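Peer 1: okay, sequence plus prediction incoming.
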Amino acid sequence: MLRSLQGIVLRSMDYGEGNKIISLFTPELGKVSLMARGAKKVKSRHAAVTQLFTYGDFVFFKAGGQMGTLNHGEIVEAHHKLREDLYMSAYASYLVEMTDRMLGDEEGSAYLFEQLKAGLTAIESEKDMQIVVHLYEMKMFELAGYLPVTDACAACGNHMELTMFSPSLGGCLCARCRFKDNQAIAISEGTLKLLRLFTRMDIRRLGSVQVKPETKTELKICMRSYMDFHIGIQWKSRSFIEQMEEYDI
C-alpha cells in the first residue's frame, strides 16, 4: 500500500553498499522502518531526507508487517543546526532515542509526534535544552503509565509539605512519609513547582525560561533517577550528555 505521510527521522543506519534503513516517526502510523535504496550515495535523491532529525513529507510503499520502501521524500525542516552543534545534537539525539526505543512499531500518537517536533524546534531555537528534555521525559513517563505523583504524597495522599521525591514510591513524599524511602531526594519548592508543571505542559507552549542552577540540578537528579528506576534503559545519548557534563565539554 502506498502511503504519503509527514514524519521525523529517528534513526538512520547504513545497509549494504549504497542503502539506508531509517526509523520514521509519523503521527498516523507511529514508528515505521523504511528501506531507502541508494541513500548513501552523495547524489541520491534520498540522501538529504534520510538524515537524522529531518522532518519531511515521505511517500513509501508498505505491505503488511514487512519493511516499507521509501519512494520519495521532501524536506519540511532539515534541522541542520541540530546535527552541527555538539550540545544540540546530544540533547536532540536523546529525544529521538527515547521515541525510537520506547514506542513499538506502528504505535501511533499524533500528540507525541507534535511534542517531539516541538522539542527539536525548541532545542534548535536555543531554548533551555535540559528543560526541553525533562518535558519530553514526562511525555514518555505518561506514555509508559509511570507519570509521577506530584500533587500529593505518593505514599499517603497528603497534599501538604511535599519535600521529597521518591522514584521507587512513584513521586513526591510529604514530611510524614519521607522516611519510607531512605533513597528519596530532597527537593525545594521551586523544583516541586516545575515537576508539577512538567506533568501537564505542552512543549509547544514553552517560552524562554530561567531556572536557578541549584533547581536544575535537583530536577536532573529527580528525572534521571525516576527514568532509571521505572524505564531501566541504558540511553546512549544520555550517557554522552553525562560525559559532557562530567568533563565540562
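Peer 2: Received the coordinates, thanks.
Peer 1: residue ranges of the strands in the chain, please?
Peer 2: Applying DSSP state E to the chain gives strands spanning 2-15, 19-26, 30-36, 55-61, 68-77, 162-166, 171-174, 185-186.
Peer 1: I'd like those strands laid out as TSV, including distance to residue 114 and mean neighbour count.
Peer 2: For glycine as for every other residue, the C-beta is placed from the backbone atoms N, C-alpha and C. Formatted as TSV, the strands of the chain follow (distance: least, Cβ to Cβ, whole Å; neighbours: other Cβ atoms under 10 Å):
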stretch	distance to residue 114	mean neighbour count
strand 2-15	11	17
strand 19-26	11	23
strand 30-36	13	22
strand 55-61	11	19
strand 68-77	13	17
strand 162-166	28	25
strand 171-174	26	25
strand 185-186	31	14
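Peer 1: mind putting these in JSON lines, mean pLDDT included?
Peer 2: Putting these into JSON lines (pLDDT from 0 to 100) gives the following:
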{"stretch": "strand 2-15", "mean pLDDT": "94"}
{"stretch": "strand 19-26", "mean pLDDT": "95"}
{"stretch": "strand 30-36", "mean pLDDT": "93"}
{"stretch": "strand 55-61", "mean pLDDT": "96"}
{"stretch": "strand 68-77", "mean pLDDT": "95"}
{"stretch": "strand 162-166", "mean pLDDT": "97"}
{"stretch": "strand 171-174", "mean pLDDT": "98"}
{"stretch": "strand 185-186", "mean pLDDT": "98"}
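Peer 1: reformat these as CSV; add distance to residue 138.
Peer 2: What follows is the strands of the chain, written out as CSV (distance: least, Cβ to Cβ, whole Å):
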stretch, distance to residue 138
strand 2-15, 19
strand 19-26, 18
strand 30-36, 19
strand 55-61, 22
strand 68-77, 24
strand 162-166, 13
strand 171-174, 12
strand 185-186, 16
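Peer 1: with respect to residue 237, which of these lies nearest?
Peer 2: Minimum separation from residue 237 across the strands of the chain (Cβ to Cβ) falls at strand 2-15, 11.2 Å.
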